[in-house]
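Novice: The following block contains a protein sequence and its predicted model.
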Amino acid sequence: MSEEQMTITIDALITQVSGLQREDLEHWIANQWVRPEDAGSGGDYVFHAIDVARVRLIQELHHDLQINEDALPVVLSLLDQLYDQRRRLRALNDAIAAVAPEDVRRDLARHLAEHEK
Amino acid sequence: MDDPYKTLGIARDAGAEEIRKAYRKLAKQFHPDLNPGNAKAEERFKAVAAANALLSDPVARGKFDRGEIDAEGHERHAQNSARGPSYREYAEAGPGHRYTWHEDDLSDLFGSVFGEGDGSGAKRPRRGHNEHYALAVEFLDAVNGAMPRLTLPDGRVLDVKIPPGTGDGQTLRLRGQGGRGINGGPNGDALIDIHVKPHPFFTRDGQDIHLNLPVSVSEAVLGGPVEVPTPRGRVRMQIPKHSDTGTKLRLRGRGVAAQGKHAAGDLYATLRVAVGQPDAALEEFLRGWKPDPAPDPRRTMETGT
């Protein structure tokens, strides 16, 4: 898996994302909107690159787009479902490209094109 | 980059509020995470964000209006400093599984698509769900810390550790106390939203506690020791001579208890002189009392004319 291994601490994250309040972030973590890794018993969090990008996304949704705290979990769950589907679609594409013979792939493409109409 | 005013669709003399509104409207429409895979939307969003960054910074906007900088230069600057890769770039790739919504296994899904469910994903261990609870806590229990016992709807009993200084609206997490894990997976967490009940005479401001402390006329004028209620029992305090209603006294370390990095807060007692039921001697004395100059406690009040 090509997951990026670079991680940062909560303090570094707060200085990195402009306008981010520690209180807000802790609230998001408590609500599981952001799920950093828990490094041991001290309650020190470790943020991967995707966590950082997600914090930035929530900050944008909340502050720039004014999606309030009640609506945020709805938006996030829809986004998560959307990305789940897109990852699946991508995996399906990869599987077909790797396994299906040329003529099957062409048939599939033709079939899909007909259904688009 | 195009003219940032055109990008946001606003006039050159638009105010800060108009800029914000225009930006929000367009950002909602074109945010890349709301339009995954739509390269045009992403381009538009970048342009809109750059235009907003330029126009919402009064210094940069002034320079741009006077022709001292061009939008291009500012855009480069803003993009280099502000945005990393968008969330989508991670969510659609490998790390995205960290935030998966549905617990289905890919092989389950594709197994069903191709009518050959091999069941290989069926026994995968899954983490239990998080469960949310609300808990009302007495003011002093939140200030001093407490360990109330909570009986859950399913009959389980939980001892919830409320740390000293817990605030209203804070959420406590009890690891592993949520829904049971499936196929040997870890349990979910219990998340407990704390509501702190008000206190009859204490109020809280961060780590400090405030209260109004009634004192008698003679205690205010002559001073002397009084007993003050604090979150952790009564404490003797010296009232200075010539105190008055509004005099604020501090008891160091008698506020919210110390916890972790937070030192203990202070207790602030604001005096309220209470005359009470006057006796004949006081009436007698006041009748004969003619201070010079006569005090006027209302001298600072405006007359309104």
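Specialist: On my side now, so go ahead. Small disclaimer: the values here were computed from a predicted structure and weren't measured.

Novice: Three-state assignment for the nearest residue to residue B:274 once chain neighbours are set aside, please.
Specialist: Leaving aside its sequence neighbours, residue B:274 sits nearest to residue B:214 (C-beta to C-beta, 6 or more residues apart in numbering or on different chains; 4.3 Å). The C-beta positions use only the backbone N, C-alpha and C, and glycine is treated the same way. Taken by DSSP: H, G, I helix; E, B strand; the rest coil, the conformation at residue B:214 corresponds to strand.

Novice: Let me know how buried residue B:214 is, in neighbour terms.
Specialist: Neighbour count of residue B:214, defined by other C-beta atoms under 10 Å in any protein chain shown: 13.

Novice: again, but for the one 4 residues further on
Specialist: Neighbours of residue B:218 under the rule other C-beta under 10 Å: 10.

Novice: ok so, going back, and the residue nearest to residue B:274, what are its bridge partners?
Specialist: residue B:272 (DSSP bridges).

Novice: Was I right to think it contacts residue B:275?
Specialist: No. If you go by C-beta atoms under 8 Å, residue B:214 and residue B:275 don't touch, sitting 10.3 Å apart.

Novice: Would you mind listing where chain A has pLDDT under the threshold?
Specialist: A:1-5, A:39-43, A:117 (pLDDT under 70).

Novice: got the residue ranges for the strands in it?
Specialist: Under the criterion DSSP state E, chain A contains strands at A:7-8, A:37-39, A:44-48.

Novice: check contacts around the nearest residue to residue A:32 once chain neighbours are set aside.
Specialist: With C-beta to C-beta, 6+ apart as the criterion, residue A:32 has its nearest non-adjacent residue at 6.0 Å, and that residue is residue B:130. Residues in contact with residue B:130 (C-beta atoms under 8 Å, 6 or more residues apart in numbering or on different chains) are A:32, B:178-179, B:188-191.

Novice: measure residue A:36 to residue A:17 for me?
Specialist: Residue A:36 sits 13 Å away from residue A:17, going by C-beta to C-beta, to the nearest Å.

Novice: of these two, who's got more company?
Specialist: Here residue A:36 and residue A:17 are set side by side on neighbour count (other C-beta under 10 Å), and the busier one is residue A:36, at 22 against 19.

Novice: What about residue 90, how many residues nearby?
Specialist: Just going to use chain A. Counted with other C-beta under 10 Å, the neighbours of residue A:90 add up to 13.

Novice: think we crossed wires, I meant chain B
Specialist: Residues contacting residue B:90 under the criterion other C-beta under 10 Å number 25.

Novice: which bits of chain A sit near chain B?
Specialist: A:1-4, A:18, A:27, A:30-32, A:35, A:48-54, A:56-57, A:60-61, A:64-66, A:77, A:79-84, A:86-88, A:90-92, A:95 (C-beta under 8 Å from any C-beta of the partner chain).

Novice: quick one, strands of chain B?
Specialist: Using DSSP E, strands in chain B cover B:131-137, B:149-151, B:157-159, B:171-174, B:190-196, B:203-205, B:208-216, B:224-230, B:233-239, B:248-251, B:267-274.

Novice: The fifth one pairs with which strands, and in what direction?
Specialist: Strand B:190-196 has the following strand partners under DSSP bridges: strand B:131-137 (parallel), strand B:171-174 (antiparallel).

Novice: Filter the residues of chain A next to chain B down to the ones in helices?
Specialist: A:27, A:30, A:49-54, A:56-57, A:77, A:79-84, A:86-88, A:90-92, A:95 (DSSP state H).

Novice: What subset of those is buried?
Specialist: Burial by neighbour count, 16 or more other C-beta atoms under 10 Å in any protein chain shown: within these this picks out A:27, A:30, A:49-54, A:56-57, A:79-80, A:82-84, A:86-88.

Novice: Quick check: residue B:227 touching residue B:238?
Specialist: No. Residue B:227 lies out of contact with residue B:238 (C-beta under 8 Å); the separation is 11.4 Å.

Novice: thinking again about what came up before, can I get the strands of chain B in JSON lines with mean pLDDT?
Specialist: As requested, the strands of chain B are exported to JSON lines (pLDDT from 0 to 100):
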{"stretch": "strand B:131-137", "mean pLDDT": "86"}
{"stretch": "strand B:149-151", "mean pLDDT": "82"}
{"stretch": "strand B:157-159", "mean pLDDT": "84"}
{"stretch": "strand B:171-174", "mean pLDDT": "88"}
{"stretch": "strand B:190-196", "mean pLDDT": "89"}
{"stretch": "strand B:203-205", "mean pLDDT": "94"}
{"stretch": "strand B:208-216", "mean pLDDT": "95"}
{"stretch": "strand B:224-230", "mean pLDDT": "94"}
{"stretch": "strand B:233-239", "mean pLDDT": "94"}
{"stretch": "strand B:248-251", "mean pLDDT": "95"}
{"stretch": "strand B:267-274", "mean pLDDT": "96"}
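
Novice: With respect to residue B:27, which of those lies nearest?
Specialist: In terms of C-beta to C-beta, the element of the strands of chain B nearest to residue B:27 is strand B:171-174, at 28.7 Å.

Novice: Tell me how far the closest one lies from the chain's centre.
Specialist: 15 Å (C-alpha atoms, centre = their mean, to the nearest Å).

Novice: Now do the buried residues in that strand.
Specialist: Buried residues in strand B:171-174 (16+ other C-beta under 10 Å): B:171-174.

Novice: Stretch B:165-178 now?
Specialist: Residues B:165-166, B:170-174, B:177-178 are the ones in stretch B:165-178 that count as buried (16+ other C-beta under 10 Å).

Novice: Check those and tell me the two furthest apart.
Specialist: Farthest pair in these, by C-beta to C-beta: B:165 and B:178, 24.9 Å.

Novice: who does residue B:205 bridge with?
Specialist: residue B:208.

Novice: Count the residues that sit near it.
Specialist: 11.

Novice: cool, and the one 4 residues further on?
Specialist: Counted with other C-beta under 10 Å, residues neighbouring residue B:209 total 25.

Novice: where's it relative to residue B:230, distance?
Specialist: 8 Å.

Novice: Need the overlap of contacts for these two.
Specialist: Joint contacts of residue B:209 and residue B:230 (C-beta under 8 Å, 6+ apart) are B:254, B:267.

Novice: No further questions, thank you.
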